[in-house]
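> what follows is a predicted structure for the sequence shown.
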Amino acid sequence: MAKKQFKTESKKLLDMMVNSIYTHKEIFLRELISNASDAIDKLYFRSLTDDSVGMDHDDFEIRLTADKDSRILTVTDNGIGMTKEELENNLGTIAKSGSLDFKTDEENQSENIDIIGQFGVGFYSAFMVADNIKVESKAFGSDEAFVWESSGADGYTIKKCEKDKAGTVITLHIKEDTEEEKYGEFLEVYRIRELIKKYSDYIRYPIRMETSHKQLKEGTENEYEDIYEDETLNSMTPIWKKPQSKVTDEEYAEYYKGKFNDYEAPLKVIRQSTEGNATYTALLFIPSHAPYDYYSRDYEKGLQLYSSSVMIMEKCKDLLPDHFSFVKGLVDSADLSLNISREMLQHDRQLKIIAKALEKKIASELGKMLKTDREKYEQFFREFGAQLKWGIYSSFGVNREELQDLLLFKTSDEGRYTSLKEYIDRARENQDKIYYAVGETVEKIAMLPQVESVLAKGYEVLYLTEDIDEFCVQILRNYDNKDFLNVCTDNLDLGDEEEKAQLKEENDKSEELFKFMKESIGDKVAKVRYTNTLKNHAVCLSSEGNVSVGMEQILNKMPGT
Ligand code: ADP
Ligand code: MG
C-alpha cells in the first residue's frame, strides 16, 4: 500500500511543532496519556447510556510498557478507539481534533463531560522523542482494527490489523541517543514514574505498569529474586477535587511541601471553587517564609494550570499580580480554551477572569487574617509585606484600594506594627494628617528631634524603616482623607497663631546671622532658620518639599542618580 502524504499544511506544522512549540520533550507522555484518558472518557460516557459497552468505571485503565533493548515504549488504553476514517482524519491532519467535534456535537452539549484535548497537535509531540510511531486501534462497535504508522513528516500508512478489544495501542520507537540528547531516559521506569507524578498524577483512570524490584529469596540469606508487580503510577484523585471537609490540614501541608519544594507547612491554605463566569477550582498556599530567592530577579511567580485535572502549565504567570507573587498553588478549570500550544496560553479571556477573581480572593483572605489572627498576619507581613508595598508603588496606586488596608507600618506606639486604619482610629480629634518619619531603625527615628516634638503634642508617628515605606506613602498621598506628612519637612504646622508670629519675629531678627551661617556652610544646606519643632535638641536637619532626608539618602544610593 502506497504511503499517504500528510496534508501540506500538516507537514509544515509537524516540522514546526516538533522543533519549536513544545519546549520540553518530556510532555509527549502527558499528551499521549491525556488522549488515552479522553478516549476512555468517551467510552465511559457511552457506557452510562449503552448497556452493550458492558464496562464499569473500574474496568478502564491506561497501561504502559517500556523495553530498553528494543527501545519500545507503549501506551495502551481500552477507550473508544478509532475507525480507519478516524485514524486518517485525526492523525493525518494536524489541528483537526476529534475531541473538539465530539464536544460541540449537539447531543453531548448538556452533559458534564470534560475532555482535555481540544486541538489536534498533542499526538504529534511524540515525534519529538520517537522516530517511528504505530497506532493500532479498534473502534468500539466495529469488528475491524487498523494500524496507522509513520516515521515523521514523510507520511503515513494505514493497514488492517488484528486487535481483540476496543481501544488503542500506541507504540513508540524511541530515538537513538546522540551526543547532545539522551532519549533513553524515557524508557527508564523511574523516569516514567516521575513524569506521571509530575503531569498526570490526577488522571482519573489508573495508569499501570509492570515494574520489578529485588527481594530476598525466602529461606536464603543473600539470594535475591525479581518480584514483578502491577504498579499504579498515578494517585487519581486530585486533592483539590476531594470534598474540603475530607482533607486535613496535614494532607494539604504534605501536598504543598511535596509539590512546591518547601520544608515548612504553609501559613495559609486558600481553596476556592466557583461556577458561573468561569468554572474553576483553585488551591492556593501562602508560604510561611519567603523562598531564598524571593527578593531576587531569579524568582518566578506563577500558579500551576490544570485543564480537567491534567497539568498544562507549570508556572502560569498571568494568574497572579506582582504584589501577590508569593502565592503558590494551582488552578484547575475545565473551560479553558486551549491554545495551539498549551505552554503558551496567554491572553486568554477565561484566564483573565480567573486571575481577577483570584486576586480578590487572596486580598480578602489576607484581610480576614489581619482581623482574626494578628500574630499570623504579622508573620506573613514580615516575610512578604514589602511586596505589597511595592504593589502600591510599582503600579502607581491602581491597586491602592485593594492593598492599602493590608499594609502595616511600624509606629511610635511602642514600635509595633499598625495598619493605617488602626492609626486613624487612635488619632486625636481634629487631626487631619498622618505623621511619619523616616530612618534606619525604630530606635533611630525615635531619637529625631522633630519626632520628639510631634509626640510631645500627643500625636502618633509612623516609623518608616524600610526603603519602600516612604515611596509607598508618597504614592498613597492620603488615607481616609488625611494626608501623609513627613514630620521632618518644614511645612509641619503644629503651633498656634501666637507661636507662629513669635517665630517669624525671631527669624527676622536673626536674618543677618543666618545669612552668615548659610554662607559659611555653603551648598550643604539651603537655608538656616529658627524652628518651633525642637524640644530637647539644639539643631536639626530638615528638608523642604516632598523628598525627606531619608529618601534623599536612598536616592543617592541608587545608581545613576
Ligand atoms: P487533541 O487531543 O488535542 O484533540 P491530539 O493530536 O492529541 O489532539 O489527538 C488528535 C485526535 O486523535 C484526538 O482528538 C482523538 O480524536 C484522536 N486520538 C488520539 N489518541 C487517541 C486514543 N488513544 N484513542 C482514541 N482516539 C485518539
Ligand atoms: Mg490530545
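On my side now, so go ahead. Ligands and ions are numbered 1, 2, ... in the order given.
> and the helices in the stretch 301-450 of the chain, which stretches?
With DSSP state H, counting those that start in this stretch as the criterion, the stretch 301-450 of the chain has helices at 349-372, 374-394, 400-404, 420-426, 442-446, 449-456.
> what packs against the last one?
Pointing back at helix 449-456 there. In this structure, helix 449-456 makes packing contacts with strand 433-438, strand 461-464, judged by 3 or more C-beta pairs under 8 Å, 6 or more residues apart in numbering; DSSP states H and E. C-beta coordinates here come from the backbone N, C-alpha and C atoms, glycine included.
> need those in TSV with mean neighbour count, mean pLDDT and distance to Val473, can you?
Below are those laid out as TSV (neighbours: other C-beta atoms under 10 Å; pLDDT from 0 to 100; distance: least, C-beta to C-beta, whole Å):
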stretch	mean neighbour count	mean pLDDT	distance to Val473
strand 433-438	24	94	6
strand 461-464	25	95	7
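> which non-adjacent residue is nearest the residue in the stretch 451-561 of the chain positioned nearest to ligand 2?
Closest approach between the stretch 451-561 of the chain and ligand 2, counting by C-beta to the ion: Ile468, at 45.9 Å. Closest residue to Ile468 apart from its sequence neighbours, by C-beta to C-beta, 6 or more residues apart in numbering: Lys389 at 4.5 Å.
> cool, and Gly329?
Gly329's closest residue in space is Leu284 (C-beta to C-beta, 6+ apart), at 3.7 Å.
> does the one you found really touch Gln304, like I thought?
No. Assessed by C-beta atoms under 8 Å, Leu284 is found out of contact with Gln304, at 10.6 Å.
> so what sits against both of those two?
Shared contacts of Leu284 and Gln304 (C-beta atoms under 8 Å, 6 or more residues apart in numbering): Gly329, Leu330.
> these two - which one has more neighbours?
Leu284 (25 against 19; other C-beta atoms under 10 Å).
> which strand residues bridge the more buried one?
Following DSSP bridges, Leu284 is listed with bridge partners Ile270, Gly329.
> can you pull the pLDDT of it?
Reported pLDDT at Leu284 in the predicted model: 98.
> gap between it and Glu365?
Leu284 sits 8 Å away from Glu365, going by C-beta to C-beta, to the nearest Å.
> pull up the overlap in contacts between those two.
Among the neighbours of Leu284, those also in contact with Glu365 (C-beta under 8 Å, 6+ apart) are Ile270.
> number of residues surrounding Ala166?
22.
> next: Ile40.
Ile40 has 25 neighbours, counted by other C-beta under 10 Å.
> before we go further, it is sitting in a helix, right?
Yes. Counting by DSSP: H, G, I helix; E, B strand; the rest coil, Ile40 is found in a helix.
> which ones are touching the closest residue to Leu485 other than its chain neighbours?
Closest residue to Leu485 apart from its sequence neighbours, by C-beta to C-beta, 6+ apart: Lys433 at 4.3 Å. Contacts for Lys433 (C-beta under 8 Å, 6+ apart) come out as Lys482, Asp483, Phe484, Leu485.
> quick one: the first one from Leu455, how far?
When you say that, I think you mean Lys482. Counting by C-beta to C-beta, the separation of Lys482 from Leu455 is 18 Å.
> again with the last one
Computed with C-beta to C-beta, the distance linking Leu485 and Leu455 is 14 Å.
> equivalent analysis for the third one, please.
Taking C-beta to C-beta as the criterion, Phe484 is separated from Leu455 by 17 Å.
> ok, these two, which is more surrounded?
Phe484 (21 against 17).
> which SS class is that one?
Strictly by three-state DSSP, Phe484 counts as strand.
> specify the beta-bridge partners of it.
Ile434.
> so what's it up against?
By C-beta under 8 Å, 6+ apart, the contact list for Phe484 reads Lys433, Ile434, Tyr436, Val473, Gln474, Leu476, Arg477, Asn478.
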